[in-house]
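>>> Please find the sequence and the predicted model below.
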Amino acid sequence: MKHHSLRNTLGTFFAAAGIAVLGGCAASAPMSSPSSMARVSITKYSAVSAHLDYAHGVAALPTTNLDVGAPDFVMAILHAIAVRTDACMQKQGFPAIADEQSWQPYVGDEDRTLGRWSVDYASKYGAAPAPESQPSEVNLLSKGPDFNNAYSACQIKAKTALDEQIQFAQSKNIISTIKWQAFQLATTSPAGKKVITRWHDCAEDAGVVLDPESGGPSTQYSSQGKQAEITAFTADAKCAKSTGAVQEIFTLRAQYESALLDASEAQVAAYKTQRAKVLTQLDDVISGR
């Protein structure tokens, strides 16, 4: 069975702030043994379905709003760091700049566990991340060297002051574990294998050469130029939708996530309490309380 590798999207989002975040990436989650995962049944979760936003390549799953990779959490940490950094900069006579950009949650690009299935994004960007699917960065280049040097030092102090909250984002948690397990169970189940095979057969019938490891379009398309990459990824994305494969595989994941969330009720409740606490702390920093 072929499928795309998981990638650490949250690490990309926080790269500008110099933060390596693990909690939101399913790839970094501790894996349970196959035997323990096999005991999970989704029989009573047949009514659960995933909602897909094909324009942005986003799947709404039971864990979506619980993850530390959710847009509200990502933006809260980045905003709090920017506010703390501003306070440090103002003490040195520099202007505050955090309010120069919007801190509204963005519409994220799905973590690409099954490849790029948004035809809109594939036809624009090929394999590359969509710029509008990531938080915007504070424009520092226009501020000059002195400002940038001071800003870098102040940002380090800001992250140190927010160490507890950042550590929470970096820690492996029950939600990342559940995401990983649900992905594994969905893609290795007989139903999941059948769905993915149908998707890949469609892509190959359309003339797309697939990578045997990832299951997505061959990386050689990129070396042939951007248009070749875009053509291949667009054909692959069209197959994901036209065959119904991407909807079915994400629905399977949603069903397994629901089962695993119920099976870990106490751990999930504790995690949700801690996540809410951290968000409150970040909001207090942002509002100056």
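Perfect, I can see it now.
>>> which of the residues in stretch 281-289 are buried?
Buried residues in stretch 281-289, counted by 16 or more other Cβ atoms under 10 Å: 281, 282, 285, 286. Every C-beta, even on glycine, is put in place using the N, C-alpha and C of the backbone.
>>> you'd agree the second one is in a helix?
Yes - secondary structure assignment places residue 282 in a helix (DSSP: H, G, I helix; E, B strand; the rest coil).
>>> all numbers from here: first residue = 685
Okay, residue one is now 685; in that scheme the one you just asked about reads as residue 966.
>>> pLDDT at it, what is it?
Note on residue 966: pLDDT of 97.
>>> Could you measure from it over to residue 948?
Plainly put, residue 966 is 25 Å away from residue 948 if you go by Cβ to Cβ, to the nearest Å.
>>> Now that we have the buried residues of stretch 965-973, can you turn them into CSV and tack on distance to residue 770?
Converted to CSV, the buried residues of stretch 965-973 look like this (distance: Cβ to Cβ, whole Å):
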residue, distance to residue 770
965, 18
966, 15
969, 11
970, 11
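>>> State the pair within the residues you listed that is farthest apart.
965 and 970 (9.9 Å; Cβ to Cβ).
>>> just the strands in the stretch 685-834 of the chain please.
Using DSSP state E, counting those that start in this stretch, the strands of the stretch 685-834 of the chain run over residues 735-737, 742-744.
>>> quick one: average confidence on stretch 931-941?
So the average pLDDT for stretch 931-941 ends up being 97.
>>> buried ones in it?
Of the residues in stretch 931-941, those with enough neighbours to count as buried (16+ other Cβ under 10 Å) are 931, 932, 933, 934, 935, 936, 937, 938, 939, 940, 941.
>>> what does it contact?
Outside stretch 931-941, the residues that touch it by Cβ atoms under 8 Å, 6 or more residues apart in numbering are 724, 726, 729-730, 732-734, 736, 743, 745-747, 798, 862-863, 865-867, 869-871, 873, 875-876, 879-880, 925.
>>> please redo it, this time with the cut-off set to 6 Å
If you take Cβ atoms under 6 Å, 6 or more residues apart in numbering as the criterion, stretch 931-941 is touched by 726, 729, 732-734, 736, 743, 745-747, 862, 866, 869-870, 876, 879.
>>> Just the helices from the stretch 785-934 of the chain, written as ranges.
Counting by DSSP state H, counting those that start in this stretch, the stretch 785-934 of the chain has helices at residues 803-809, 829-845, 847-854, 858-872, 874-889, 904-907, 910-926, 929-947.
>>> What is the nearest of the buried residues of stretch 931-941 to residue 953?
The closest of the buried residues of stretch 931-941, once distances to residue 953 are taken by Cβ to Cβ, is residue 941, at 15.8 Å.
>>> State the distance from that closest one to residue 732.
Going from residue 941 to residue 732 by Cβ to Cβ gives 8 Å.
>>> can you check residue 891 too?
Residue 891 is 36 Å from residue 732, where distance means Cβ to Cβ.
>>> Of those two, which one has the most company?
residue 732 (18 against 9; other Cβ atoms under 10 Å).
>>> distance of the more buried one from residue 883?
Residue 732 sits 21 Å away from residue 883, going by Cβ to Cβ.
>>> Then residue 823?
When Cβ to Cβ is applied, the distance between residue 823 and residue 883 equals 40 Å.
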